[in-house]
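Chemist: fold the stuff below for me.
(2 chains)
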2 protein chains.
Amino acid sequence: MNYNIVPLNELINQFSRLPGIGKKTAQRLAYSILEQPPERAKDFAKALVEAREKIHFCKCCQALTDLDVCQICDDEGRDRTVVCVVEEPRDVMAFERTREYKGLYHVLHGVISPLDGIGPDKLRIKELMSRLASGEINEIIMATNPTVEGEATASYISRLVKPMGIKVTRLAYGIPVGGDLEYADEYTLARALEGRNEI
Amino acid sequence: MNYNIVPLNELINQFSRLPGIGKKTAQRLAYSILEQPPERAKDFAKALVEAREKIHFCKCCQALTDLDVCQICDDEGRDRTVVCVVEEPRDVMAFERTREYKGLYHVLHGVISPLDGIGPDKLRIKELMSRLASGEINEIIMATNPTVEGEATASYISRLVKPMGIKVTRLAYGIPVGGDLEYADEYTLARALEGRNEI
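Modeler: Numbers count the residues shown, from 1 in each chain, chains lettered A, B, ... in the order given. Have a look, this model is predicted:
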């Protein structure tokens, strides 16, 4: 006979479905839940359900929000003439952490990737175009990832937007702050040279 | 103004309370929940609450179970004369995976550790003694971890049990199967030499 605790196996199973969580880690996490007071498990369960139920995409910028229109789109203090176009909602968080950017965002929810069958129609490009049509925006910053797909998506959107007389910019390439030149790859270093500034 | 999605932050917070899960991993896990269908979040929440509510300690061996007496204690086919004494419920699983051991278990729920203020009275030693008093058991295998605290606990219990005429054994020390002698530490190697067997 196998020693089998059904509710424990089910919990381990749920943890191991999370990305990057293997069988051993899932077991460790499940045991840690059993060692905590029952209220902790209930709070965790409540957080899971509430996050999934309450959070959806902002109907303007397509970022995550629990409101109708997200806090950023709703903030009158922000520069409404600049839109930073990113791949995923988490990229919005990354820019917000810099505390440097004061414009708006637009989340594409992916990149053009023909190999994975993702064409421009699967991204939130239509929504971006209708925002641009309002005429209020005069610059979009393409902040897709510096990958082949990210570049392709940036240039695809740039070709759509430029004829509308809107300025399209791309994030600067260069060496990361605090990085070590010795470990920088040749492409990054070449781009850093190319984009050098007078001091 | 801070960009702040309350239900998302609460979920990230819950994930980051798990052992070995840092802020970045907690964010990744929380986003992965948002990308899944809502039923998945509900199933996960249900598994959390059910595991915590239904699982408790077996009143006989103190291992985890969702029954009154665990499957192992309840199994008439097992050797009821041998008890393997382990530190934690997860150690029971480890032995069960070997499919070699057919006796019973007893979980101490810790080890004697004066530095952490854990004396013998905080462990399930009383419960072990009352099981031994039944007279059915004639061997206990001390399977605490090979640490200073594990050794101390094993010898403490051994001193209590031996006067009752019950055989007390300890797991063999030696080189792990598939290990490399070059990387074995000197204590393990010395113990492996000491415990050598004729072939």
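
Chemist: now residue A:81: how far from residue A:107?
Modeler: Counting by CB to CB, to the nearest Å, the gap from residue A:81 to residue A:107 is 19 Å. Any C-beta I mention is one placed from the backbone N, CA and C, and that applies to glycine too.

Chemist: should've said residue A:74
Modeler: Relative to residue A:107, and taking CB to CB, residue A:74 is found at 16 Å.

Chemist: what do you get for residue A:136?
Modeler: As judged by CB to CB, residue A:136 and residue A:107 stand 19 Å apart.

Chemist: quick check: buried residues in stretch A:23-40?
Modeler: For stretch A:23-40, burial by neighbour count (16 or more other CB atoms under 10 Å in any protein chain shown) applies to A:25-34, A:40.

Chemist: neighbouring contacts of that stretch?
Modeler: Under the criterion CB atoms under 8 Å, 6 or more residues apart in numbering or on different chains, residues A:8, A:11-13, A:15-16, A:18, A:21, A:41, A:44, B:17-21, B:48, B:51-53, B:55, B:64, B:89-90, B:93 lie in contact with stretch A:23-40.

Chemist: try it again with 6 Å
Modeler: Contacts of stretch A:23-40 with the rest of the structure, by CB atoms under 6 Å, 6 or more residues apart in numbering or on different chains, involve A:11-12, A:15-16, A:41, B:18-19, B:52, B:55, B:90.

Chemist: what is the neighbour count of residue A:121?
Modeler: By the other CB atoms under 10 Å in any protein chain shown criterion, the neighbourhood of residue A:121 contains 8 residues.

Chemist: regarding it, what are the backbone dihedral angles?
Modeler: Reported as degrees, to the nearest 10, the phi and psi values for residue A:121 are phi -70, psi -20.

Chemist: excluding its backbone neighbours, what's nearest residue A:4?
Modeler: Here the nearest residue to residue A:4 in space, its sequence neighbours aside, is residue B:71; by CB to CB, 6 or more residues apart in numbering or on different chains that works out to 6.9 Å.

Chemist: any idea of the pLDDT on that neighbour?
Modeler: The pLDDT attached to residue B:71 in the predicted structure is 92.

Chemist: for the residue nearest the centre of chain A, give me the pLDDT.
Modeler: By CA atoms, centre = their mean, the mean C-alpha position of chain A lies nearest to residue A:88, the distance being 2.5 Å. What the model reports for residue A:88 is a pLDDT of 92.

Chemist: also residue A:127?
Modeler: As predicted, residue A:127 sits at a pLDDT of 94.

Chemist: what's the burial count for it?
Modeler: For residue A:127, the tally of surrounding residues (other CB under 10 Å) stands at 18.

Chemist: before we move on, what about residue A:75?
Modeler: Under the neighbour criterion other CB under 10 Å, residue A:75 is assigned a count of 14.

Chemist: torsion angles phi and psi at it?
Modeler: As for residue A:75, its main-chain torsions (degrees, to the nearest 10) stand at phi -80, psi 110.

Chemist: one step back: please tell me how far the residue nearest to the centre of chain A sits from residue B:104.
Modeler: For residue A:88, the distance to residue B:104 - CB to CB - is 52 Å.

Chemist: circling back: more neighbours, residue A:74 and residue A:107?
Modeler: Each of residue A:74 and residue A:107 has its neighbours counted (other CB under 10 Å); residue A:107 has more, 25 against 14.

Chemist: so the more buried one versus chain B, what's the distance?
Modeler: Relative to chain B, residue A:107 is positioned 12 Å away (CB to the nearest CB, to the nearest Å).

Chemist: got phi/psi on the residue nearest to that residue when sequence neighbours are not counted?
Modeler: Among residues not flanking residue A:107 along the chain, residue A:62 sits closest, at 4.3 Å (CB to CB, 6+ apart). With angles defined as degrees, to the nearest 10, residue A:62 sits at phi 70, psi 10.

Chemist: okay, the buried residues of stretch A:23-40 in JSON lines with secondary structure next?
Modeler: JSON lines is the format used below for these (DSSP: H, G, I helix; E, B strand; the rest coil):
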{"residue": "A:25", "secondary structure": "helix"}
{"residue": "A:26", "secondary structure": "helix"}
{"residue": "A:27", "secondary structure": "helix"}
{"residue": "A:28", "secondary structure": "helix"}
{"residue": "A:29", "secondary structure": "helix"}
{"residue": "A:30", "secondary structure": "helix"}
{"residue": "A:31", "secondary structure": "helix"}
{"residue": "A:32", "secondary structure": "helix"}
{"residue": "A:33", "secondary structure": "helix"}
{"residue": "A:34", "secondary structure": "helix"}
{"residue": "A:40", "secondary structure": "helix"}
